[in-house]
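1. Predicted coordinates and the sequence they were generated for:
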Amino acid sequence: MTIFEAYNGAKKQLKAAGIEDYVFEAKQIIKHVTGLTSAQILTDYNKSLSEFQQNNLTAILRQREIRYPLQYIFGEWEFYGRSFYVGPGVLIPRADTEILAETALEYLKDKENPRALDLCAGSGCIGITLAKEREDGRVTLVEKYDEALSFADKNLKRNYCKNAELIKGDIFESAAAKNNEYDLIVSNPPYISPDEMKTVSPETEFEPESALLAGDGGMEFYKAIIKNYKSSLKVGGMMAFEVGINRYGQISDLLKAAGFKDTGVKKDLNNIERVVYAIK
């Protein structure tokens, strides 16, 4: 089987399994199996796969046919140009969440030695991105669950992140809250309501429910963070959230009711309001 034949066969299997981004995934799988870059694949498309590579390809496609996440199969995924370890027990980094990182970095661009707090940190992709992009700053990541903490710790080490600290804590108990300490507080908290959980993609069912499900119609984490951490922001500091579809108005109202000003919204690549932010 040549690389070209393997790529075409992978596309057909993935499409038949109902995977929307089957072309993108087929390319990623071939790159993973062969260890080649996109450019090398184009020049070596007539090269034959080894028996080991063919077996690996077959195993990956079987896992994807049952909709096991590709990110978990690979054991890593890229976020904001860096690779992060992922696996069962931690939320998969998504391109939509890069909008939150971009929003935060844009705000911090004129701040000297900024202090940032990443709540519900999961894999650490947001907090680590902030720390690496602003090595003059200091970032604190807070995560409650041991599985996610383990991934965040490995990702801190993988990315040689010396200006960040990881804390095990519960945002409902105000972990790492300090008066007027932070220039920025960011969070991609659980925000899927129990009703919405019935309609998530098959892949999402393999991710930890603790990183997805939120009570109070998906609002409980936003309410807790605003209540428990407003005092931790410096005056003029920004609080920014990733939000679910059609939730931006509710989150903006919560921030306004808490006395925040200059609320704003950023859209993702699908033109969905994905990030809500406000200034203390």
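-> In hand now; what should we look at?
2. Let's check: the centremost residue of this protein is which one?
-> Residue closest to the mean C-alpha point of the chain, counted by C-alpha atoms, centre = their mean, is Pro93 at 2.9 Å.
3. can you pull the contacts of that one?
-> Contact analysis of Pro93 by C-beta atoms under 8 Å, 6 or more residues apart in numbering lists 71, 77-79, 84, 86, 123, 125. Every C-beta, even on glycine, is put in place using the N, C-alpha and C of the backbone.
4. just the strands in the stretch 151-280 of the chain please.
-> 164-168, 182-187, 233-242, 261-267, 273-279 (DSSP state E, counting those that start in this stretch).
5. Run through who's touching the shortest one.
-> Outside of strand 164-168, the residues within contact range by C-beta under 8 Å, 6+ apart are 121, 124, 127-128, 131, 138-144, 146, 149, 152-153, 156, 175-176.
6. I'd like to know which of the residues you listed are part of strands.
-> 138-143 (DSSP state E).
7. Would you map the helices across the stretch 51-200 of the chain?
-> For the stretch 51-200 of the chain, the helices defined by DSSP state H, counting those that start in this stretch cover 51-65, 70-74, 98-108, 125-133, 146-158.
8. Could you dump the ones you listed into TSV and include mean pLDDT?
-> What follows is the helices of the stretch 51-200 of the chain, written out as TSV (pLDDT from 0 to 100):
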stretch	mean pLDDT
helix 51-65	97
helix 70-74	97
helix 98-108	97
helix 125-133	98
helix 146-158	97
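9. Which among these is found nearest to Ile245?
-> For Ile245, the closest of the helices of the stretch 51-200 of the chain is helix 98-108, at 13.6 Å, according to C-beta to C-beta.
10. domain parsing for the protein?
-> With domains defined by automatic domain parsing, the chain comprises 3-66, 79-279.
11. Point out the most buried one among the ones you listed.
-> Most buried of those by mean neighbour count (mean count of other C-beta atoms under 10 Å) is domain 79-279; its value is a mean of 19.
12. How far does that domain stretch from one end to the other?
-> Length of domain 79-279, first residue to last, C-alpha to C-alpha, to the nearest Å: 26 Å.
13. how distant is it from the center of its chain?
-> Centre-to-centre, domain 79-279 and its host chain are 9 Å apart (C-alpha atoms, centre = their mean, to the nearest Å).
14. from the ones in strands among the contacts of strand 164-168, which is closest to Ile19?
-> Glu143 (29.7 Å).
15. so the closest one makes contact with Leu117?
-> No: with contacts counted by C-beta atoms under 8 Å, Glu143 stays clear of Leu117, the gap being 12.0 Å.
16. residues contacting Lys162?
-> Lys162 neighbours (C-beta under 8 Å, 6+ apart): none.
17. hey, what's Trp77 bridged with?
-> Phe84 (DSSP bridges).
18. okay, Leu14: pLDDT?
-> Per-residue confidence (pLDDT) for Leu14: 97.
19. For it, which non-adjacent residue is closest in space?
-> Of all residues not flanking Leu14 in the chain, Tyr22 sits nearest, at 3.7 Å (C-beta to C-beta, 6 or more residues apart in numbering).
20. circling back: just the ones in strands among the contacts of strand 164-168 now: which is nearest Leu255?
-> For these, the nearest to Leu255 is Val142 (19.7 Å; C-beta to C-beta).
21. Surely that closest one and Leu119 touch.
-> Yes: at 5.2 Å, Val142 counts as touching Leu119 under the criterion of C-beta under 8 Å.
22. who touches both of these two?
-> Ile171.
23. From Glu98, how far out is Leu105?
-> 10 Å (C-beta to C-beta, to the nearest Å).
24. Please apply the same query to Gly218.
-> In this view, Gly218 and Glu98 are 22 Å apart by C-beta to C-beta.
25. go on, Tyr85?
-> Taken as C-beta to C-beta, the span from Tyr85 to Glu98 is 18 Å.
26. Report the contact partners of Val23.
-> Lys11.
27. For it, give me phi and psi.
-> Taking degrees, to the nearest 10, you get phi -70, psi -50 for the backbone angles of Val23.
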